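Asker: Need coordinates for the following:
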Amino acid sequence: MVKIVELTTPTCSVCKMIAPMVEKTIAELPSDKVSYFNVNALEGQGKLLADKHGVRSVPVFFFLNDANEVTYRHDGAITPAIIRDKVNAMLG
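Answerer: Residues are numbered from 1 along each chain as shown. This next block holds a predicted model:
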């Protein structure tokens, strides 16, 4: 299972701009092997994750393996190709 966590904020214009593309790309991946979480970096678990990893700007994407270890971090806007490539590499 690959977990993708996107840290965002309510006012992030880049996050809003790429959201439809990210959601479409995630929807095309096998739902039994990939899960996606969009998390507010300013509160709760999102803030804890942002603080732990030194996040200073959003969006940031974390790709986690079965052991919940971050295997890839992508800062800034992401492309469908990067999402697919990282997921495929993690799934083998």
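Asker: Next, the contact list for Asp66, please.
Answerer: Contacts for Asp66 were tallied using C-beta atoms under 8 Å, 6 or more residues apart in numbering; they are Met1. Where C-beta positions appear, they are placed from N, C-alpha and C, glycine not excepted.
Asker: Please disregard the earlier target; I meant Gln45.
Answerer: Here Gln45 is in contact with Val39 (C-beta under 8 Å, 6+ apart).
Asker: Quick check: buried residues in the helix or strand harbouring it?
Answerer: Here Gln45 sits within helix 44-52, counting by DSSP states H and E. Burial within helix 44-52, assessed by neighbour count using 16 or more other C-beta atoms under 10 Å, is assigned to Gly46, Leu49, Ala50.
Asker: ditto for stretch 74-82
Answerer: Buried, per 16+ other C-beta under 10 Å, within stretch 74-82: His74, Ile78.
Asker: what pLDDT does the closest residue to Ile4 other than its chain neighbours get?
Answerer: Leaving aside its sequence neighbours, Ile4 sits nearest to Tyr36 (C-beta to C-beta, 6 or more residues apart in numbering; 4.7 Å). pLDDT for Tyr36: 97.
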